[in-house]
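# Please work out how this folds:
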Amino acid sequence: MALLVVLTTAAPSHARQPESAGQPEDSLRIYAARLAKTPPLKPPFTGYAIYLGRNAFLSAAHVVGRWPLFTRPRILVDGQDLPATVIKMGFSEDIDLTLVTVDAARLPISLRLRRTPLCKAPPVPGEVVFGVTPDRVTPTHTVSPLLVAPEHRKKFNTLTSRVVTPSGSGIFRATTKCLLGIVSTAVPRFRMLPPTDGEAIDERAGYFVSATKIMEFLPKEFRY
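A predicted model of the protein is given here:
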């Protein structure tokens, strides 16, 4: 049974967190954007993306979809609605990433000189991280793959304790503010109970495509 889902309910576009305003981590929102598309014969859809630098944005592959020629993806950032060109596409459950660019001349000045560094060190279970969208920065923490079913551990091995932001949004390390990964899907968790009870599903962990996989995916000119 496929696990990949479009995570659209964790952070509605109108949601805000006034209590986080002015906090250092709130500055991470500048790197977040919305990615909109209009599938044929279907209502418009809006997901999320993260700005990397050099007028490029990174999102989950399933947010952009397999047929961008027909869905006409656009980046919505700082009041701008910018047509997006797909540079490289991944495959949903294998490499759930897609890289797009926009017209550099139309990119908001606030982003033109920015670069989003990818984390060099892998996540450590228990460390504090932030899920980031244009509207909010949500704290959570990473967890060990041992908290999900054995058949999922190898494939879904970079996890947050719960799903805090939707697909395509970014997971940033709290200490260094580098990008740890792109939110991809939810994975069922289980907890160890007494032997007589066996194993039971206990909520969902949030899987994100790691910075290591992102670095392997990106063309050389977009690696920072």
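
# Only the buried residues of stretch 33-52, if you could.
33-37, 45, 47-52 (16 or more other Cβ atoms under 10 Å). Every residue, glycine included, has its C-beta placed from N, CA and C.

# Which phi and psi values does the residue nearest to residue 102 when sequence neighbours are not counted adopt?
Leaving aside its sequence neighbours, residue 102 sits nearest to residue 82 (Cβ to Cβ, 6 or more residues apart in numbering; 4.1 Å). Backbone dihedrals for residue 82, given as degrees, to the nearest 10, come out at phi -110, psi 120.

# follow-up on the earlier one: just put the buried residues of stretch 33-52 in CSV and tack on distance to residue 121 and pLDDT.
Listed next are the buried residues of stretch 33-52 as CSV, based on distance: Cβ to Cβ, whole Å; pLDDT from 0 to 100:
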residue, distance to residue 121, pLDDT
33, 26, 97
34, 29, 97
35, 28, 96
36, 34, 94
37, 34, 90
45, 34, 86
47, 28, 93
48, 24, 97
49, 24, 98
50, 19, 98
51, 22, 97
52, 19, 96
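
# Widest-spaced pair of these?
Greatest spatial distance in the buried residues of stretch 33-52: 45 and 52, 22.0 Å, computed using Cβ to Cβ.

# quick check, distance from the longest helix belonging to the chain to the centre of its chain.
Determined from DSSP state H, the single longest helix within the chain is helix 211-217. Taking Cα atoms, centre = their mean, to the nearest Å, one finds the center of helix 211-217 at 13 Å from the center of the full chain.

# And for stretch 177-185?
On Cα atoms, centre = their mean, the centre of stretch 177-185 falls 5 Å from that of its chain.

# list the buried ones in it?
177, 179-185.

# Keeping just the C-alphas, turn it into PDB.
Only the C-alpha atoms of stretch 177-185 are listed here, as PDB (Å, rounded to 0.1, in the frame of the first residue of the first chain):
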ATOM      1  CA  LYS A 177      19.100  27.300  10.600                       C
ATOM      2  CA  CYS A 178      20.300  25.100   7.700                       C
ATOM      3  CA  LEU A 179      17.900  23.100   5.600                       C
ATOM      4  CA  LEU A 180      17.600  19.500   6.800                       C
ATOM      5  CA  GLY A 181      15.000  18.400   4.200                       C
ATOM      6  CA  ILE A 182      11.800  18.800   2.300                       C
ATOM      7  CA  VAL A 183       8.600  17.400   3.800                       C
ATOM      8  CA  SER A 184       7.300  14.500   1.800                       C
ATOM      9  CA  THR A 185       4.800  12.200   3.500                       C
END
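
# avg pLDDT for that stretch?
The pLDDT scores in stretch 177-185 average 96.

# for stretch 161-168, same thing?
Stretch 161-168 comes out at a mean pLDDT of 94.

# before we move on, the earlier item: quick one: which of the buried residues of stretch 177-185 sit in helices?
Going by DSSP H, the helices hold none of those.

# can you give me the strands for the chain?
Ranges of strands in the chain, per DSSP state E, are 32-37, 45-53, 56-59, 74-77, 80-83, 85-91, 95-101, 128-132, 137-143, 159-160, 170-173, 179-192, 199-210.
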